[in-house]
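Peer 1: Sequence first, then the predicted structure:
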Amino acid sequence: MYSHMMLLSLILLPFPAGILVCFAGKRKHLLAACFTCLECIFMGCLFLGQVLPEVELSAALPKLCGFGLQFVLDGFRGVFALIATFMWAMVTLLSAQYFQGKEQVGRFYLFLLWTLGATLGVFLSADLMTTFIFFEVMSFTSYVWVTQEETAEAISAAKTYLAIAVIGGLTMLMGIFMLSYRYQTLSIEALLEISPKDSYTWIAGLCILFGFAAKAGAFPVHIWLPKAHPVAPAPASALLSGILTKTGIYGVLILSCRLFHNDRDWGFLILVLGVITMFLGALLAVFSIDLKRTLACSSMSQIGFILVGIGMQDLLGEENQLALNGTMLHMMNHSLIKLVLFMAAGVIYVNAHSLDLNKLRGFGVRKPFLKLSFLTGALAIGGVPFFGGYISKTLLHESILEYGGGFVFAIVEWIFLLSGGMTLAYMSKLFLTIFIEKNTDTLLQEKYDTQRSYMTLPTKFAMGISTLILFLFGLFPNTLMLPTARLGEKFLAAEYTEYEAVHFFSPENLKGAGISLLLAVFIYLLFIRKALMKQGQHRMLWPSWLDLETLVYRPVLLKILPLLFGILCRLLDCFVDSLVVLFRKTLYKDTPLPHERPEGSALSDFLGGVCNLWQRFANATYRKDSPTQRDYVHEFALKLFAFKESNFIISRSLSFGLLLFCVGLCLTLWYIIL
Amino acid sequence: MEQYLFFLTILFPILGACLIPFLPYRRRTDMLIYLEFLCLVTSALVLTLLYLSPQGTYTLFRFNSRLSVSFHLDAMGKLFGAMVAFLWPLAVLYSFEYMKHESNEKSFFLFYIVTYGVTLGIAFSENIVTLYFFFEALSLVTLPLVMHTRTREAILASRTYLYYMIGGAAFAFIGMVFVLTYGTTASFLPGGVMDLAKIGNRTNVIYLVYILSFFGFGIKTAVWPFSNWLPKAGVAPTPVTALLHAVAVVNTGAFAVMRITYYSFGADYLRGSFAQYTVMGFVLFTIVYGCSRALKETHLKRRLAWSTVSNLSYILFGVVLMTPLGLTGALCHMLFHSFMKITSFFCAGSVIYKTGKNYIHELDGLGRRMPKIFILFAISAFALMGVPGLAGFVSKWSLAYAAIDSREPLAYIGVGCLLVSALLTAIYMVTILVRAFFPGKDFAYSSLQDITDPNWYMLLPLFVFAAVVIFFGIHPAPVLELLASISGV
């Protein structure tokens, strides 16, 4: 009972705690660090007490938000909840140094803690509705991380992030809605029993996949990732890269291991997405000359590796042990590696105020602690033997080999190895540039070399612990790593019963790593050093127009569609109003008011007009030499007036009367005589 | 006794409001006390009525044996009455502060409170004649409110308002006459009153008349092509736009359409007919159209007004599904949308009141200066988008569920429209928030030096409404059960 309450409070407490920290004045950093560390410790206790003895812990808040919130803590979820709290604890320790003297720190902590709650909610959710609710909350709260610095790039990246999150979220909601209507359940466990799978299920599944893949950063909805991670503050990028992308993967796993369990078509789809993402990410990273952008592209590439593993799980069917363990381990490794690397990037940025590799050259030559940490991360992500990444990548590689599958899979394998090589190549680029080579600007190099207190104590502690854990995991694959991976087997719906021992350091397993290593050397020496660098400086050779966002998404969504709908709306908008106007101007027109002439009459106006025209004609032709300017309208009007006036006078005079009398008399006489 | 209670409830605010210009106030707050007295007493009367829930029909006066103005209290009327009774006192409190800077406030409050009585009349109306009577009365008493500022723009807007309303009345009148001719009674009865024997082979005519009366009553809900009046009427003072043109007036339109669809023509009679498909087509179009227009709009209040146009069509979408679940969804969205939209309008009003800024591009950086207002606005914006945990999500979900459950192909398209509209809503609401909260690194906050949150007259109603939005979002089960029992699921 107590553990239920504890689970619920671990998920929900960050929300009030965030508000508390936000208004905590100068003790913000301390309070946030304490809170996240406690959260991490309690999660660890819960994990050790409940998950390791293989007890599942479920908790629910019935009827909340309409459907009730259901949570469950099992092996897989426990591992990732623990990793999440651990990363948050480490990152808050770093934040104290990173945000020294910056504005709006309260806001950052508020959303940092809220996102912690939301992320835990996602990882511990037991039904899709709960997942969705916390997923949405997470998308919106992490938006603030991206926009935190409020620079132009940050705001633009945040917009992209939000757009993708909102579109993804809504599409996902549509899919969840379809599932819920058809199967009357959203419980993640119950999704396993769903059959048969027809096009309806597929449409629903694809909708949900879109939402989760967008968060994970899979091609073709990866566009937010290389933009958003570099502009966010380093503590946030570590989390964005290390754990938030994993929530997307978590969703993809729900689909692949539950709804489409062992469905080959689905597996192939995920595999193809994975291969493209893996290769594209690595390629972007090779070309990148910005520290954090390289790491972000690297995250994208690693997500591709994970997706390959997920795809292989479904393709291999019941014998997917290697793929399954490899996926889980690579997820875990990648989180820990990116934590170390992004924290290192944060430290570098705080001291050097730049992320440009050319400016950072030689920064870490005299900083052994940072150098070792970064090296551990770089070797681990590069898949060098005796480091974490090697284990998971070997498992994934083995699973591809296990499937066989002919020509297509031979290509997949080679792209896998090539991407592995590229990973090592771009990590060598980063490491050699920052930690080995010396800057050509000797003044700057001297400044870098004399920096002594470049890390505060909490930062050092966080870096040390993270690096140590990462290192230990790589060193003891069979005692630490594989047992952890086995914890996730129930969630990943493993069906086998026997365990094969994996010989990680056997020659055939080392061969894959060896090929990658060789490729890495070639790529680094021949491509990065020869083609991309000039006179010892990195050059940005990736054409700026070659970008899915500026090439396709923005023109379509912001230019073409609004134009079409705009025209349509304009037309429809004036429909009724124009009817009214039409009637007002035609049938229901007001009778015109009588027009009073100031002078003259219609006849005089007309005659005057004709004369005026004639005058203009004459002026233009035969009277060019002595043109006349007379207003005949006015003259005729005056004449008319005079005429009327004299008529009036005449008609009233005696003589006019006598005259008329005479005329009348004459006419009478004329009549009588005739 | 209960008979008089009905009349008193409706007439008390109307008669009480007529005294507003003639009472001697020593201070301005005296007027507030009188206004709140009127509203609270009326609300108390409504609650008494709901508590007693008398079952009979009470006639105020009778034209002939079939036509009468009479009242009755059923579940749907209760819901609508309760909603109105909750909103009005709070809205008056807000308006009192808002109108401080405006002239002619006595006449404003006169009509504002008369509207309360008329709206209650619609809620309690027993038959289509009473509904029509109060419906027309509502158009007329709200006209001076639209015209309130007396600017050229306001007069033009009120003329548009009048044209649309009178046009609607003509259509509604046709519907009323047909219901009287071909129905067994003029009263509203669940399941409809159409007399199949009398109709004989004139079914298509009845369907056509339904379409006409749908648009007649639906003009108040601004269904396309009769949607233009609503954004234009945004020139009225914000309390009018918020309470009347986002809640009371437009919801009476939706309420009337519910009445004629489910209680006069009968949902079973209409389901599957061309009448249903025609009106549903218009409604679906309005959903997307309203959102697209809101997206293009740069004037804050007009953007919200277009958003209202779209959201009202959500309600109508639920109504024209012609299923009990559809009615549940419609009632749910009617109730929740009222709270969400009045919150966002009141926030917009507070911004206008405090800064005089009307356009969205002028809102840069105000989030820091007016944090309470913009956090409340954010809550309403997220609720309108349908973020889970807030009210909008619940009602949209029940609407979409009802649509899928109805198994009409057009309703499936409707779910798609809801989705597109949610996306557009997200864009047009979030851009406002982004401007307010994240104006950019170099933004000069000094230009907004003396701007602060408004006083509690304005904040109290807002906090209450936002709390309701959150409460319904987190714990919607009781409300949903109540609504399901109203619509007879």
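Peer 2: Received it, and whenever you're ready, just let me know what you need.
Peer 1: Quick one: name the residues of chain A near chain B.
Peer 2: Proximity of chain A to chain B, by C-beta under 8 Å from any C-beta of the partner chain, involves residues A:63-66, A:129, A:132-133, A:136-137, A:140, A:147, A:149-152, A:155, A:158-159, A:162-163, A:166-167, A:170-171, A:173-174, A:177-178, A:181, A:562, A:565-566, A:569, A:572-573, A:575-577, A:580. Where you see a C-beta, it was placed from the backbone N, CA and C, and this is true even at glycine.
Peer 1: Which among the residues you listed count as buried?
Peer 2: Listed as buried from the residues of chain A next to chain B are A:64-66, A:129, A:132-133, A:136-137, A:140, A:147, A:149-150, A:155, A:158-159, A:162-163, A:166-167, A:170-171, A:173-174, A:177-178, A:181, A:565, A:569, A:572-573, A:576, A:580; burial here means 16 or more other C-beta atoms under 10 Å in any protein chain shown.
Peer 1: Of those, which belong to helices?
Peer 2: Counted as lying in helices by DSSP state H, out of those, are A:129, A:132-133, A:136-137, A:140, A:147, A:155, A:158-159, A:162-163, A:166-167, A:170-171, A:173-174, A:177-178, A:181, A:565, A:569, A:572-573, A:576, A:580.
Peer 1: and the next element down the chain from the helix or strand hosting B:Ile33?
Peer 2: Per DSSP states H and E, B:Ile33 falls inside helix B:28-52. Going down the chain from helix B:28-52, the next helix or strand is strand B:58-62, by DSSP H and E.
Peer 1: Check which helices and strands whichever helix or strand comes after that following strand sits against.
Peer 2: Sequence order places strand B:68-71 as the next helix or strand after strand B:58-62, per DSSP H and E. If you count contacts as 3 or more C-beta pairs under 8 Å, 6 or more residues apart in numbering or on different chains; DSSP states H and E, strand B:68-71 packs onto helix B:2-18, strand B:58-62, helix B:128-146.
Peer 1: any idea which of those is most buried?
Peer 2: Ranked by average neighbour count under the criterion mean count of other C-beta atoms under 10 Å in any protein chain shown, these are headed by helix B:128-146 at a mean of 22.
Peer 1: still on that earlier bit, what's the least confident stretch among the helices and strands packed on strand B:68-71?
Peer 2: Least confident of those, judged by mean pLDDT, is strand B:58-62 with a mean of 83.
Peer 1: Specify the local secondary structure of whatever residue of the stretch 101-250 of chain B ends up closest to chain A.
Peer 2: Closest residue of the stretch 101-250 of chain B to chain A, C-beta to the nearest C-beta: B:Pro225 (4.9 Å). What DSSP: H, G, I helix; E, B strand; the rest coil gives for B:Pro225 is coil.
Peer 1: Contacts only, for it.
Peer 2: A:572, A:575-576, B:282 (C-beta atoms under 8 Å, 6 or more residues apart in numbering or on different chains).
Peer 1: Skip the chain neighbours and tell me the closest residue to the closest residue to chain A within chain B.
Peer 2: Closest approach between chain B and chain A, counting by C-beta to the nearest C-beta: B:Pro388, at 4.0 Å. Of all residues not flanking B:Pro388 in the chain, A:Ile133 sits nearest, at 4.0 Å (C-beta to C-beta, 6 or more residues apart in numbering or on different chains).
Peer 1: which phi and psi does the nearest residue to A:Leu128 once chain neighbours are set aside have?
Peer 2: The shortest distance from A:Leu128 to any non-neighbouring residue, by C-beta to C-beta, 6+ apart, is to A:Leu186 (4.2 Å). Dihedral angles of A:Leu186 (phi, psi; degrees, to the nearest 10) stand at phi -130, psi 10.
Peer 1: do you know how far A:Leu532 is from B:Lys372?
Peer 2: 53 Å (C-beta to C-beta, to the nearest Å).
Peer 1: Tell me the spacing between A:Val340 and B:Ala246.
Peer 2: 52 Å.
Peer 1: Please apply the same query to A:Leu640.
Peer 2: 65 Å.
Peer 1: Those two - which one has more neighbours?
Peer 2: B:Ala246 (27 against 18; other C-beta atoms under 10 Å in any protein chain shown).
Peer 1: still on that earlier bit, export the helices and strands packed on strand B:68-71 to JSON lines and tack on distance to chain A?
Peer 2: Output for the helices and strands packed on strand B:68-71, formatted as JSON lines (distance: least, C-beta to the nearest C-beta, whole Å):
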{"stretch": "helix B:2-18", "distance to chain A": "32"}
{"stretch": "strand B:58-62", "distance to chain A": "35"}
{"stretch": "helix B:128-146", "distance to chain A": "17"}
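Peer 1: Would you reformat these as TSV and include distance to B:Gly218?
Peer 2: As requested, the helices and strands packed on strand B:68-71 are arranged in TSV below (distance: least, C-beta to C-beta, whole Å):
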stretch	distance to B:Gly218
helix B:2-18	24
strand B:58-62	27
helix B:128-146	12
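Peer 1: Residue ranges in the stretch 1-150 of chain A under the pLDDT threshold?
Peer 2: A:1, A:51-54 (pLDDT under 70).
Peer 1: For it, just list every one of the helices.
Peer 2: A:2-12, A:14-22, A:28-46, A:75-98, A:105-124, A:128-147 (DSSP state H, counting those that start in this stretch).
Peer 1: Correct me if wrong, but the residue of chain B closest to chain A is in a helix.
Peer 2: No - going by three-state DSSP, the assignment for B:Pro388 is coil, not a helix.
Peer 1: Output stretch B:1-21 as CSV - backbone C-alpha positions only.
Peer 2: Taking Å, rounded to 0.1, in the frame of the first residue of the first chain, the C-alpha atoms of stretch B:1-21 are listed here in CSV:
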residue,chain,number,x,y,z
MET,B,1,-47.2,28.8,-6.0
GLU,B,2,-44.6,27.2,-8.3
GLN,B,3,-46.4,28.9,-11.2
TYR,B,4,-45.6,32.3,-9.7
LEU,B,5,-42.1,31.2,-9.0
PHE,B,6,-41.6,30.6,-12.8
PHE,B,7,-43.0,34.0,-13.7
LEU,B,8,-41.1,35.7,-10.9
THR,B,9,-37.8,34.2,-12.0
ILE,B,10,-38.1,35.4,-15.5
LEU,B,11,-39.8,38.8,-14.8
PHE,B,12,-37.7,39.8,-11.8
PRO,B,13,-34.5,40.6,-13.7
ILE,B,14,-36.5,42.2,-16.5
LEU,B,15,-38.5,44.5,-14.3
GLY,B,16,-35.7,45.1,-11.9
ALA,B,17,-33.4,46.1,-14.7
CYS,B,18,-35.9,48.7,-15.9
LEU,B,19,-35.4,50.5,-12.6
ILE,B,20,-31.6,50.8,-13.1
PRO,B,21,-31.6,54.2,-14.8
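Peer 1: Might one say that B:Phe71 is in contact with B:Phe61?
Peer 2: No - in this structure, B:Phe71 is not within contact of B:Phe61 by C-beta atoms under 8 Å, at 11.6 Å.
Peer 1: my read: A:Gly78 touches A:Gln50, true?
Peer 2: Yes - using C-beta under 8 Å, A:Gly78 is in contact with A:Gln50, at 7.5 Å.
Peer 1: neighbour-wise, which of those two wins?
Peer 2: Set A:Gly78 next to A:Gln50 and count neighbours by other C-beta under 10 Å: A:Gly78 wins out with 26 against 18.
Peer 1: if we can go back for a sec, now the helix holding B:Ile33, how far from the centre of its chain.
Peer 2: Distance of helix B:28-52 from the chain centroid (C-alpha atoms, centre = their mean, to the nearest Å) equals 21 Å.
Peer 1: Now do it: which elements does it pack against?
Peer 2: With contacts taken as 3+ C-beta pairs under 8 Å, 6+ apart, helix B:28-52 sits against helix B:2-18, helix B:75-98, helix B:105-124.
Peer 1: What is the burial count for B:Lys396?
Peer 2: B:Lys396 - counted by other C-beta under 10 Å - has 28 other residues nearby.
Peer 1: That should have said B:Ile379, apologies.
Peer 2: 24.
Peer 1: And the closest residue to chain B within the stretch 301-450 of chain A, how far from A:Lys359?
Peer 2: Residue nearest to chain B within the stretch 301-450 of chain A: A:His353 (15.1 Å; C-beta to the nearest C-beta). Applying C-beta to C-beta, the value for A:His353 to A:Lys359 is 9 Å.
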